[in-house]
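In: Sequence plus predicted model, see below.
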Amino acid sequence: MGFFDKLFGKNKKKEETIIEEVEKQEEEKLQEEEKNNEKIIDEKKEIEEKEIIINKREDIIKEKIEKESVEKNEGFFASLKEKLFRTREGLFGKIKNIFSGRTVIDEELYEELEDLLIQSDIGMDMTVKIVNALEKEVKSRGIKDPTEIYSILKEVMSRFLIDGDNELDIREGELNVILVVGVNGVGKTTTIGKVAKKLKNSGKKVIIGAADTFRAAAVEQLEEWGKRANVEVIKKEEGSDPGAVVFDTIQVGLDKKADVVIIDTAGRLHNKNNLMKELEKINNIIIKKLGHSRYESILVIDGTTGQNGLVQAKVFNEATRLTGFIVTKLDGTAKGGIVFSISEEIKKPIKYIGVGEKIDDLREFNTKDYIEAIFD
Ligand SMILES: Nc1nc2c(ncn2[C@@H]2O[C@H](COP(=O)(O)OP(=O)(O)O)[C@@H](O)[C@H]2O)c(=O)[nH]1
Ligand SMILES: [Mg+2]
């Protein structure tokens, strides 16, 4: 082996080891990079998975919130308690506080209670009756703890609500008439739509008569509700005789073998005598057409109008023949005491209560449910 050979051979060896080393290093680098890449991919995956979970959770929460708010505020499934939360939180919440904040039962307590009851639209007379009955009950049971009074008040107040006959008198196999009266804006037309849907859903054939002929808008509004409830509406031109509409509606009801005819009426009170005369005429037409006077004549009262509602109830009750009441807008008031004074002073049943502007916002009235809904 010559010198060069020796030299190059050695160098060759050196070259090989260098290449080997470089290759090794590169491989290690590659492996490291791959590892890093895998790590990044894993991390990315993890983040993506987390995002999916978070999104899913958000969707579930969103859905839940939407569902709850729909159930709370709308539709048939909202409980009466939810619908009457203003009444409960407002007035009756305050009443609860006057009992819990003291240690003795004294005159001052009863006075405070009286103030709150009057504020709730229960009215002076009713309030005195309730508080007297309460005092008597508390004494006779020997109650000393003010916190025990709340439940006794609940009991006493429920006694002042007329129980029974809360359902509309609808008979099988004959035409039933429901005449709906009340001043403008109380919710007659809206309530007729709600009642029509309820009856229709229970399998009845329903026809509505538009006897509020004084405003074209009134007829249009009723027709709109007729569409929503999917029932026929009988009407005549604006300004025509309301009695003639009543006559026609009952005739169509008889011809088509309907189960129920509901009649919407005008509610102008600026001319009270005229209105009452008109209603008398309508009543006579109904009795003549049916051949008897077994029909519902329902006064609609706006629950937010306070004692004014009670005055209306008295006026209508004296001038026309009423079989019951529907109190509307109880969703919109912190009061709700009007229900007690109407029930006690007029001594006629509340058939339904209105708890909103939608077609399903109508509830059958019964003492127990109402008391439960407004007391905590
Ligand atoms: N919040 C609420 N509004 C109601 C209720 N009933 C009726 N209303 C509203 O009261 C207003 C008058 O109703 P309407 O049916 O036209 O009264 P009418 O003049 O007696 O026929 C409308 O804006 C209705 O949406 C109810 O139970 N709750
Ligand atoms: Mg109307």
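Out: Happy to help now that I have it. For clarity, every value in this text was computed on a predicted model and none was experimentally measured. Ligands and ions are numbered 1, 2, ... in the order given.
In: per-residue pLDDT, whichever residue of the stretch 251-376 of the chain sits closest to ligand 2?
Out: Proximity of the stretch 251-376 of the chain to ligand 2 (CB to the ion) peaks at residue 264, 6.0 Å away. Where C-beta positions appear, they are placed from N, C-alpha and C, glycine not excepted. For residue 264, the model assigns a pLDDT of 97.
In: hang on, it in a strand?
Out: Yes: per DSSP: H, G, I helix; E, B strand; the rest coil, residue 264 lies within a strand segment.
In: Run a quick neighbour tally on residue 104.
Out: Other residues near residue 104 come to 9 when the count uses other CB atoms under 10 Å.
In: so who does the residue of the stretch 251-376 of the chain closest to ligand 2 touch?
Out: Residue 264 makes contacts with 180, 188-189, 192, 208-212, 218, 222, as judged by CB atoms under 8 Å, 6 or more residues apart in numbering.
In: Please apply the same query to residue 212.
Out: Residue 212 touches 188-189, 218-219, 222, 242, 264-267, counting by CB under 8 Å, 6+ apart.
In: Could you dump these into JSON lines with distance to ligand 1 added?
Out: Listed next are the contacts of residue 212 as JSON lines, based on distance: CB to the nearest ligand atom, whole Å:
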{"residue": "188", "distance to ligand 1": "3"}
{"residue": "189", "distance to ligand 1": "3"}
{"residue": "218", "distance to ligand 1": "7"}
{"residue": "219", "distance to ligand 1": "11"}
{"residue": "222", "distance to ligand 1": "8"}
{"residue": "242", "distance to ligand 1": "14"}
{"residue": "264", "distance to ligand 1": "7"}
{"residue": "265", "distance to ligand 1": "9"}
{"residue": "266", "distance to ligand 1": "9"}
{"residue": "267", "distance to ligand 1": "6"}
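In: what about residue 180, which SS state?
Out: Quick answer, by three-state DSSP: residue 180 is strand.
In: what pairs with it across the strands?
Out: residue 264, residue 298 (DSSP bridges).
In: can you pull the contacts of it?
Out: Applying CB under 8 Å, 6+ apart, we find residue 180 in contact with 188, 191-192, 262-265, 298, 300, 326.
In: Now tabulate the residues you listed in a markdown table and tack on distance to residue 152.
Out: Below are the contacts of residue 180 laid out as a markdown table (distance: CB to CB, whole Å):
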| residue | distance to residue 152 |
| --- | --- |
| 188 | 38 |
| 191 | 34 |
| 192 | 39 |
| 262 | 41 |
| 263 | 43 |
| 264 | 43 |
| 265 | 42 |
| 298 | 33 |
| 300 | 33 |
| 326 | 30 |
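In: Go through those residues and say which is closest to residue 235.
Out: Closest to residue 235 out of these is residue 264 (9.8 Å), distances taken as CB to CB.
In: Distance-wise, check the closest one relative to residue 177.
Out: 12 Å (CB to CB, to the nearest Å).
In: quick check, residue 251 in a strand?
Out: No: under three-state DSSP, residue 251 falls outside any strand and is assigned helix.
In: count of neighbours near it?
Out: Neighbour tally, residue 251, other CB under 10 Å: 13.
In: Verify the stated contact: it with residue 288.
Out: No: counting by CB atoms under 8 Å, residue 288 is not a contact partner of residue 251; they are 11.6 Å apart.
In: Can you pull the residues of this structure lying near ligand 2?
Out: Within the chain, the positions adjacent to ligand 2 are 188-189, 218 by CB under 5 Å from the ion.
In: mind listing which of these are in strands?
Out: Under the assignment DSSP state E, those contribute nothing to strands.
In: any idea of the mean pLDDT in stretch 325-342?
Out: Stretch 325-342 comes out at a mean pLDDT of 88.
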